[in-house]
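Novice: Fold the following, please.
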Amino acid sequence: MDETLARAQCGLNTAAAGQKNIHSRYNPLIEAERYIASLNLRGDFEYIILAECGLCYVIEPLRKKFPAAKIVSLHLSAFYAGKSAAQPDAEWTPDSAASLNLFLESEIDDIEADKIKIIEWRPSAGAYGGEYLNLIKDITAFVKRIDASKRTRKVFGRRWFRNVIKNCFLFNDCVNFAETTRSGADCIIAGAGPALEDAYGAIRRLTKNGAVLIAVSSAVNALLQAGFRPDIIIACDGGGWAPLHLFESLRFFRGKKEPYPVLAFSLSAAIPSQCAAFNLLPISDESLFQNIACQRLDIPRLSFPQRGTVSASAVDLALHISGGAIYTAGINFSHKDIRSHAKPYAFDALLADAASRFSPLYTLQFERSGAIIKSGANSIYANWFSGQNYPRKIYPITDSDRAFDKKARNIAADKLGLSGNFNPSSRLAFSKQKRVYSRTVTRFIAALIAALESPSAPPAAKEKLTLELSNMLLDGGDAPRNCDLREELLRVSEKYRTIEARHG
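Specialist: Coordinates of the predicted model:
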């Protein structure tokens with residue numbers, strides 16, 4: 001659409017998109033002030049997102065009303081870049097280097113939805129039609145996602161922090177870290193969706209030609225039973241039942257002459273202690289407290305933002321290690337009848353144990369399937385994937401991989417030899433880096449306390465670290481003090497430091 005600038009009667013610039021006026025031809029600033037006043041905005045907003053507000057005359061009245069809020073302006077056309085009547089704190093256009101989702105993730109912290117206000121500009125809705133509605137849809141989906149992330153962190157933050165402490169035990173004594181060298185090898189990402197079983201033939205052809213098999217932890221049992229050996233297992237779930245997914249792989253590889261696969265794991269994931277036998281590839285979620293721990297302990301790691309689903313972290317990992325094609329299987333975010341996962345699945349045993357004459361297994365599976373659908377998590381993650389602008393094409397092997405488009409699926413059919421032939425890829429090589437550590441929990445807690453209390457630490461870094469730790473460990477209320485966090489860090493780690501001291 002052709003956008004144009006013109007001069008309003010008051011002397012200010014005004015804009016039009018095609019034949020539609022975006023601002024008043026008389027006084028666009030007065031128009032914006034009256035519009036903001038009519039919204040009767042009330043609340044303690046920390047972020048204000050402007051949905052294609054054209055020349056953004058609304059910024060000035062918003063800043064008067066909410067001086068502490070960060071204003072983020074999103075445009076449907078690069079025409080408006082740098083033309084705002086008042087500069088926003090951050091601005092995105094379709095020509096920006098980052099996708100809309102990545103931009104929002106970088107500019108807006110995980111926060112409750114009531115701390116964010118979306119400002120729509122009705123003239124833009126009339127001018128851009130469906131494009132504008134899609135923009136509002138994407139913004140709303142993002143706000144819902146970070147609101148869910150914030151609430152999840154509030155409930156599970158303490159558990160995640162304890163997981164980091166427990167995972168420090170993995171690094172005690174002699175540790176084998178996996179070192180990956182980027183190559184042209186193709187990658188397969190195996191999720192645990194029910195369509196994984198339909199992709200076994202294609203996965204077998206790919207792996208025979210040197211493709212690297214990356215399996216999310218919940219898919220490992222199904223892959224092992226089907227005769228596949230994952231090259232990399234990735235685990236990000238911090239829930240109490242998550243280790244069940246890894247027990248079968250530990251049993252499978254124990255005592256065998258072949259080496260253990262690489263275990264790529266989030267530092268806050270729930271990982272069984274026996275996993276120290278794997279070749280470890282830690283993943284930091286880019287939080288300051290995890291980066292401090294890794295730096296002070298000299299732990300090699302990759303850094304990817306926490307996405308809420310292990311499938312997204314697996315894509316980040318594949319893009320990092322491979323310059324070849326990336327295929328996906330079992331990333332469905334949908335059910336096959338009442339089946340939510342490929343079989344065998346670790347949690348099925350829990351349902352089988354809970355079954356009784358009054359609650360048959362089928363009924364429990366039906367209820368669980370309904371609860372997952374009702375939660376809306378599948379739609380949130382599928383919509384997130386569809387909004388990503390990955391640097392390379394990602395090819396779904398099956399039609400039911402909702403996260404990726406069908407055009408890529410047709411390309412995958414040709415490349416896989418489902419309707420032709422494909423070229424063998426170069427094999428990705430892993431090397432080991434052996435290191436010896438001691439008293440990692442004690443040193444981890446000491447590093448955090450030092451970062452909080454050091455007089456030489458930058459104030460901005462101290463503030464960020466205080467916020468991260470207080471969100472996980474404290475119950476809100478008054479602004480946290482360093483002494484409160486120090487006491488809580490010592491309290492929550494006391495048992496683990498005692499165990500560590502007892503074992504030297």
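Novice: what's the spacing between the residue most central in space within the chain and residue 490?
Specialist: Centroid-nearest residue in the chain, with Cα atoms, centre = their mean: residue 307, separated by 0.8 Å. From residue 307 over to residue 490 the distance is 32 Å, taken as Cβ to Cβ, to the nearest Å. In short, each C-beta sits where N, CA and C put it, glycine included.
Novice: Also residue 386?
Specialist: Taking Cβ to Cβ, one finds residue 386 at 45 Å from residue 490.
Novice: Same check on residue 10?
Specialist: For residue 10, the distance to residue 490 equals 63 Å [Cβ to Cβ].
Novice: low pLDDT regions in the chain?
Specialist: Residue ranges of the chain with pLDDT under 70: 1, 373-378, 380-381, 384, 387, 399-432, 476-482, 504.
Novice: Let me see the ranges of the helices in the stretch 51-200 of the chain.
Specialist: For the stretch 51-200 of the chain, the helices defined by DSSP state H, counting those that start in this stretch occupy 59-65, 100-107, 122-128, 130-168, 200-208.
Novice: likewise the stretch 301-450 of the chain?
Specialist: Going by DSSP H, counting those that start in this stretch, the stretch 301-450 of the chain shows helices at 310-321, 348-354, 361-375, 377-386, 406-416, 440-453.
Novice: Quick check: which of those helices is nearest to residue 196?
Specialist: When those are compared by Cβ to Cβ, helix 310-321 sits nearest residue 196, at 11.6 Å.
Novice: name the helices or strands packed onto the closest one?
Specialist: Helices and strands touching helix 310-321, by 3 or more Cβ pairs under 8 Å, 6 or more residues apart in numbering; DSSP states H and E, are strand 187-190, strand 212-216, strand 232-235, strand 326-329, helix 377-386.
Novice: Specify the angle between the next helix or strand after the third one and strand 212-216 in degrees.
Specialist: Taking DSSP states H and E as the definition, the helix or strand that follows strand 232-235 towards the C-terminus is helix 244-253. If you take axes from the mean of the first three to the mean of the last three Cα atoms, to 10 degrees, helix 244-253 sits at 140 degrees to strand 212-216.
Novice: Does anything pack onto helix 244-253? Which helices or strands?
Specialist: Helix 244-253 packs on helix 220-225, strand 232-235, going by 3+ Cβ pairs under 8 Å, 6+ apart.
Novice: Can you say which of the helices of the stretch 51-200 of the chain is nearest to residue 358?
Specialist: Short answer: helix 130-168, nearest of the helices of the stretch 51-200 of the chain by Cβ to Cβ, at 30.5 Å.
Novice: Tell me the buried residues in that closest one?
Specialist: Within helix 130-168, the residues that count as buried by 16 or more other Cβ atoms under 10 Å are 132, 135, 138-139, 141-143, 145-150, 153, 156-158, 160-168.
Novice: Also stretch 462-469?
Specialist: For stretch 462-469, a neighbour-count test (16+ other Cβ under 10 Å) marks 462, 465-466, 468-469 as buried.
Novice: mind putting the residues you listed in TSV, distance to residue 217 and secondary structure included?
Specialist: Shown next, in TSV, are these (distance: Cβ to Cβ, whole Å; DSSP: H, G, I helix; E, B strand; the rest coil):
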residue	distance to residue 217	secondary structure
462	35	helix
465	29	helix
466	32	helix
468	25	helix
469	27	helix
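Novice: still on that earlier bit, nearest to residue 241, out of the helices and strands packed on helix 310-321?
Specialist: The nearest among the helices and strands packed on helix 310-321, by Cβ to Cβ, is strand 232-235 at 12.4 Å.
Novice: Can you pull out the residues in contact with that closest one?
Specialist: With contact meaning Cβ atoms under 8 Å, 6 or more residues apart in numbering, strand 232-235 is reached by 212-217, 220, 242, 245-246, 249, 261-266, 269, 271, 278, 281, 283, 310, 313-314, 317.
Novice: run the last query once more with 7 Å
Specialist: Applying Cβ atoms under 7 Å, 6 or more residues apart in numbering, the external contacts of strand 232-235 come out as 212, 214-217, 220, 242, 246, 249, 261-265, 269, 271, 310, 313-314, 317.
Novice: now stretch 40-55, how far from the chain's geometric center?
Specialist: 25 Å (Cα atoms, centre = their mean, to the nearest Å).
Novice: How many neighbouring residues does residue 34 have?
Specialist: Using other Cβ atoms under 10 Å, residue 34 has 12 neighbouring residues.
Novice: next one: the one 3 residues further on
Specialist: By the criterion of other Cβ under 10 Å, residue 37 has 11 neighbours.
Novice: list the contacts for it?
Specialist: So residue 37 contacts nothing (Cβ under 7 Å, 6+ apart).
Novice: so which helix or strand takes in it?
Specialist: With DSSP H and E as the test, residue 37 turns up in helix 28-39.
Novice: what's the distance between the residue nearest to residue 161 when sequence neighbours are not counted and residue 312?
Specialist: In space, and not counting its chain neighbours, residue 161 is closest to residue 472: 4.9 Å by Cβ to Cβ, 6 or more residues apart in numbering. Residue 472 sits at a distance of 21 Å from residue 312 (criterion: Cβ to Cβ).
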